[in-house]
Structures are given as structure tokens and as C-alpha cells.
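Enquirer: Fold the following for me, if possible:
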Amino acid sequence: MLALRAFIEDSGDESTFVLSGIIAPVGIWEEVEICWTNVCKSPPSIEYYRTHDAIKCEGSFLNFSEQDRNKKVAELARVIPTDKCYAISVYLPVSEFNDIKDHYADIVEKKFPLWLDRRLLYNDPYFIAASCLSTFIASYDCSLFFPEIITRLKIDLVFHEQGKIGRQFEFFYNNLIRVILPRLENCIYRSHKKFVPLQIADMMASWSRRFTSPKFPIGTSADGYLANVLHKIFKIDRNVFDNFFRKWSQGIKN
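Expert: As a prediction, this is how the structure comes out:
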């Protein structure tokens with residue numbers, strides 16, 4: 001029976017690519033969605049949360065004063081649970097991405113079958129990040145976060161349908177990653193505007209990027225609350241990719 005759901009969002013710039021997944025039991029997400037929506041609706045109201053809009057006072061935060069913006073962001077961050085909720089993020093520096101791309105182009109083309117869009121696996125930084133993050137989520141021992149959570153519980157992964165993780169990843173996920181990591185369940189795409197946990201993942205991804213990218217030093221009023229969420233951040237380099245590459249290769253159907 002499905003018990004956990006991970007909501008995943010991207011954040012990046014010309015120096016670093018970041019993906020963050022925030023994970024909690026399905027029942028907790030249902031409770032959080034009600035609280036988050038109530039905060040969004042309280043005056044001054046916003047339609048939905050997006051970090052870029054909050055920082056720039058654009059979109060849903062248009063015409064917000066800095067004080068009102070900071071208060072709203074802090075109130076939203078306070079809703080994020082710290083009990084039975086944890087986050088796993090990965091970041092891929094451009095230099096490491098170029099190293100992976102240069103080293104693995106020929107290897108992937110020779111190793112993986114024609115039915116897979118092989119170029120994505122070494123030439124798309126967010127495809128690489130999503131592949132590594134999903135593998136981390138499935139294989140990382142979450143009992144280190146919460147001993148009462150059984151590590152064999154199934155996990156759904158939910159991505160922003162208009163984010164940088166395209167539908168091609170779903171095919172790779174279903175045909176390779178899930179084959180070797182049966183703990184993973186469905187790969188789902190949903191609207192950021194309509195799915196509150198994706199908005200929370202967006203907040204977490206932007207916060208994670210502050211620790212991984214020299215181009216994103218901006219802090220927000222959410223930081224004090226986000227710091228209380230148990231969180232692991234992993235760097236993707238060629239060694240990490242090589243380890244996961246061997247796992248994915250085991251899932252190839254001849």
C-alpha cells in the first residue's frame with residue numbers, strides 16, 4: 001500500500017542545477033494542503049506560491065509591500081510539518097555536468113537500447129538530476145530520519161507538469177529505475193498552481209539552492225522554518241553518476 005509521496009521541484013541558474021523532493025505520508029499532505037490554502041487565502045491573499053514571484057513581488061505577490069510579502073512567506077513556511085516529513089535534494093554543478101556529458105556520451109549510446117531517448121541521460125542536466133534524486137529517494141534509508149517509518153513503504157514521485165523534468169523522464173523511470181527499485185511507485189505530473197505540496201517543494205528547492213550556488217545568495221523569511229525540516233543534500237558528480245548508472249543498467253530489458 002502506498003504510504004509516502006514525494007513532491008519534486010527544480011531550481012537552477014547558469015552555475016548549478018538543483019532538484020528538491022519533500023517527502024511525507026499521504027495523510028500528512030492532506031492536512032498540510034488545508035492549512036497552506038488557508039494561509040494563501042488570508043488577506044492580503046495570493047492565488048498560489050512561487051518563490052520567484054515572492055522575491056520579485058510579481059505574479060501572485062504583485063503590489064505586496066516587502067513587509068506583507070515577508071509575513072506571508074513566513075506564515076506559509078510555518079505550515080510545513082517537521083514531524084514525519086523530510087527532504088532530499090541533489091545539485092549538479094555545471095562543471096560536473098560537463099564532465100558527465102563528455103565521459104558518458106559514447107558509453108550511454110553503446111549501452112542503452114534504441115527504444116530509450118539515450119541522449120537525455122547524459123545531455124540534459126535536469127534529467128540527470130531527476131534520475132539521481134529518484135534513486136536516492138528509493139535507496140536512502142529514511143529510518144535515519146524517522147525510525148518508525150518502514151523503509152519498504154512505496155513512494156510516489158510527483159513533478160511539476162510544466163517544470164524542467166519532461167515526460168521523457170517518465171518512460172525512463174518506468175522502464176529502468178522502477179525495475180531495479182520496486183519501492184518506487186508512480187511517476188506523476190501535476191499543476192504547480194493546483195497542488196500545494198509542489199509549491200512547498202518549490203520553496204525547499206530555492207532554499208537548497210542558496211547552499212549550493214554562488215549565484216543565489218538571497219535569503220527569505222521562510223529560512224528559519226525550512227531549517228527545521230530534516231534535509232539531506234547530495235552533490236552529483238561523476239562518481240555518483242557512475243554508481244547509479246550501473247544500477248540503471250541492470251534494469252535494461254534486452
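
Enquirer: Where does the prediction get shaky in the stretch 151-254 of the chain?
Expert: 151-152, 214-218, 253-254 (pLDDT under 70).

Enquirer: now the helices for it?
Expert: All helices of the stretch 151-254 of the chain, identified by DSSP state H, counting those that start in this stretch, fall at 168-172, 178-180, 196-209, 223-226, 238-249.

Enquirer: Those: which one's closest to K72?
Expert: K72 sits nearest to helix 196-209 of all the helices of the stretch 151-254 of the chain, at 11.9 Å, using Cβ to Cβ. All C-beta atoms are positioned from the backbone trio N, CA, C, and that covers glycine.

Enquirer: Output the contacting helices and strands for that closest one.
Expert: Contacts defined by 3 or more Cβ pairs under 8 Å, 6 or more residues apart in numbering; DSSP states H and E place helix 196-209 against strand 2-12, strand 16-25, helix 26-41, helix 51-56, strand 86-93, strand 154-160, helix 223-226, strand 230-235.

Enquirer: just the angle between the third one and strand 154-160, please?
Expert: In other words, helix 26-41. Angle of helix 26-41 versus strand 154-160, following axes from the mean of the first three to the mean of the last three Cα atoms, to 10 degrees, is 30 degrees.

Enquirer: follow-up on the earlier one: in TSV, list the helices and strands packed on helix 196-209 along with distance to R178 and mean neighbour count.
Expert: Below are these laid out as TSV (distance: least, Cβ to Cβ, whole Å; neighbours: other Cβ atoms under 10 Å):
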stretch	distance to R178	mean neighbour count
strand 2-12	14	23
strand 16-25	16	26
helix 26-41	19	15
helix 51-56	30	17
strand 86-93	18	24
strand 154-160	10	22
helix 223-226	30	16
strand 230-235	20	15
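
Enquirer: Can you lay out these as TSV showing distance to R190?
Expert: TSV is the format used below for the helices and strands packed on helix 196-209 (distance: least, Cβ to Cβ, whole Å):
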stretch	distance to R190
strand 2-12	9
strand 16-25	14
helix 26-41	12
helix 51-56	18
strand 86-93	18
strand 154-160	6
helix 223-226	22
strand 230-235	22
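
Enquirer: between those, which one is nearest to A201?
Expert: strand 2-12 (3.9 Å).

Enquirer: Distance from the chain centre to that closest one, please.
Expert: 5 Å (Cα atoms, centre = their mean, to the nearest Å).
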